[in-house]
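1. based on what follows, work out the 3D shape:
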Amino acid sequence: MDAKFLLAALFVASPPATAGAAAPVEIFFPSEVLVTAGESSHGDWVEIRTSEPRPGADVEMRLDATGAASIAKVTTDTEGCLTEANVITCHRKMDVDQDSGSVALIRFTSQAEAGRAQVTVTATVNGVFSGFWHTVVIITEPPKLTLMGTEVKAPGQTRVKVRVGIKNAGQGPANLPPITPNMGSVTHYIHFPSDALAESVTEGQCFPWGPWPDGWGWEHPNESSYKYACATGPIQAGAITWYEITIRINPQRRLVTGYISWRDGATTPEMAAPIVIDTRDTLPVTGSRAWDYAIGAVALIVPGIVLLLVVIRRPRRTNREPDTLY
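-> Below is the predicted model:
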């Protein structure tokens, strides 16, 4: 979870703080950390706060993950911190106040199987102890995201509905960013030719390319465009996030091809799924094109009939008895 939960650790038996007395110390760290089995989590900062400003304070922090069998290792690359046997200790001089200060960036790597583990975080600021803060590390099975394109036959149509999406075929949830109107939540793109305008997106959350600041219409979701940046939010195991789009097609274009791709925009077969709309006519054919086909058929049939008559008549001439001469 990205939201930071607060633990205010105070000396229960301490008298009320007076001028010049040590300020209480609070720890900010997620109460739950989600880690995909066998992978590292996104880094989470251990932060502390004091009720009074403490410039250049002596800060000590300890994160203890010993005994947590589901955690393979805990690491940090923050200056002033050491890691040994799944214990991180930090000794730093830093400014601390009511707005909190970041002590260390922590990363967890899990074992290969799902499970749960608990870690404990403590801190002192100028010798004032924070108390104990417990965090649960939840190890989930890995997700497996696949793009789902489509192929639609729509003979003679100029407005066509297509449905594409993203499927999580894995055993664990895909913890994608929550949907917000900015690039930070975008997971993939949907592209069509510039003359194949999408009139609307009735499912999903897609932001159109258009005459807005920086091109993307973050405040205009699902409006008409030929190119979209889309967001999904978390996808549970086995679930599909669908996007249903109505496309207006140029009548001169009989085959429309687009694609859905990951955020990096790659269009290789492994990184994109095609969208194919075939509007070419199929039988029965009517109108002016029917006359074209009829004329073509007559042009083929008439010579065939003539040839057949010639073949039929030729044996009759051959089998007739010759005239008797007197």
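
2. where does the prediction get shaky in the stretch 1-150 of the chain?
-> By pLDDT under 70, the low-scoring segments of the stretch 1-150 of the chain are 1-23.

3. what segments of the chain are helices?
-> Using DSSP state H, the helices assigned to the chain run over residues 288-319.

4. got the domain ranges for it?
-> Using automatic domain parsing, the domain ranges for the chain come out as 5-140, 145-278.

5. could you dump those to CSV with mean neighbour count?
-> C-beta coordinates here come from the backbone N, C-alpha and C atoms, glycine included. Converted to CSV, the domains of the chain look like this (neighbours: other Cβ atoms under 10 Å):
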stretch, mean neighbour count
domain 5-140, 17
domain 145-278, 17
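
6. contacts only, for the spatially most central residue of the chain.
-> Residue closest to the average C-alpha location in the chain (Cα atoms, centre = their mean): residue 187, at 3.3 Å. Going by Cβ atoms under 8 Å, 6 or more residues apart in numbering, residue 187 touches 166, 176, 177, 230, 231, 232, 262, 263.

7. just the ones of the residues you listed in strands?
-> Counting by DSSP state E, the part of those found in strands is 166, 230, 231, 262.

8. and of those, the nearest to residue 200?
-> Among the ones in strands among the contacts of residue 187, residue 230 lies closest to residue 200 (Cβ to Cβ), at 13.7 Å.

9. please name the bridge partners of that closest one.
-> residue 188, residue 206 (DSSP bridges).

10. how far away is it from residue 74?
-> Per Cβ to Cβ, to the nearest Å, residue 230 is found 35 Å from residue 74.

11. swap in residue 163?
-> For residue 163, the distance to residue 74 - Cβ to Cβ - is 44 Å.

12. tell me the contacts of the closest residue to residue 154 other than its chain neighbours?
-> In space, and not counting its chain neighbours, residue 154 is closest to residue 160: 4.4 Å by Cβ to Cβ, 6 or more residues apart in numbering. Going by Cβ under 8 Å, 6+ apart, residue 160 touches 152, 154, 246, 247, 249, 256, 277, 279.

13. beta partners for residue 160?
-> Beta-bridge partners for residue 160, by DSSP bridges, are residue 247.

14. who touches residue 54 in this structure?
-> 23, 95, 96, 97, 125, 126.

15. switch to 6 Å and redo it
-> By Cβ atoms under 6 Å, 6 or more residues apart in numbering, the contact set of residue 54 is 96, 125.

16. low-confidence ranges in the stretch 201-326 of the chain?
-> Residue ranges of the stretch 201-326 of the chain with pLDDT under 70: 265-270, 282-326.

17. you'd agree residue 165 is up against residue 239?
-> No - applying Cβ atoms under 6 Å as the test, residue 165 and residue 239 come out as separate, 9.9 Å apart.

18. quick one, strands of the stretch 101-250 of the chain?
-> 101-110, 115-125, 128-129, 133-140, 145-148, 150-153, 159-168, 186-191, 197-201, 205-208, 227-231, 240-248 (DSSP state E, counting those that start in this stretch).

19. can I get these in CSV with distance to residue 271?
-> Compiled in CSV, the strands of the stretch 101-250 of the chain are given as follows (distance: least, Cβ to Cβ, whole Å):
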stretch, distance to residue 271
strand 101-110, 26
strand 115-125, 32
strand 128-129, 51
strand 133-140, 24
strand 145-148, 8
strand 150-153, 17
strand 159-168, 13
strand 186-191, 10
strand 197-201, 21
strand 205-208, 19
strand 227-231, 15
strand 240-248, 17
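
20. which stretch among these comes nearest residue 31?
-> For these, proximity to residue 31 was assessed by Cβ to Cβ; strand 133-140 is nearest, at 6.1 Å.

21. counting contacts, what elements does the closest one pack onto?
-> Secondary-structure packing of strand 133-140 (3 or more Cβ pairs under 6 Å, 6 or more residues apart in numbering; DSSP states H and E): strand 32-36, strand 115-125.
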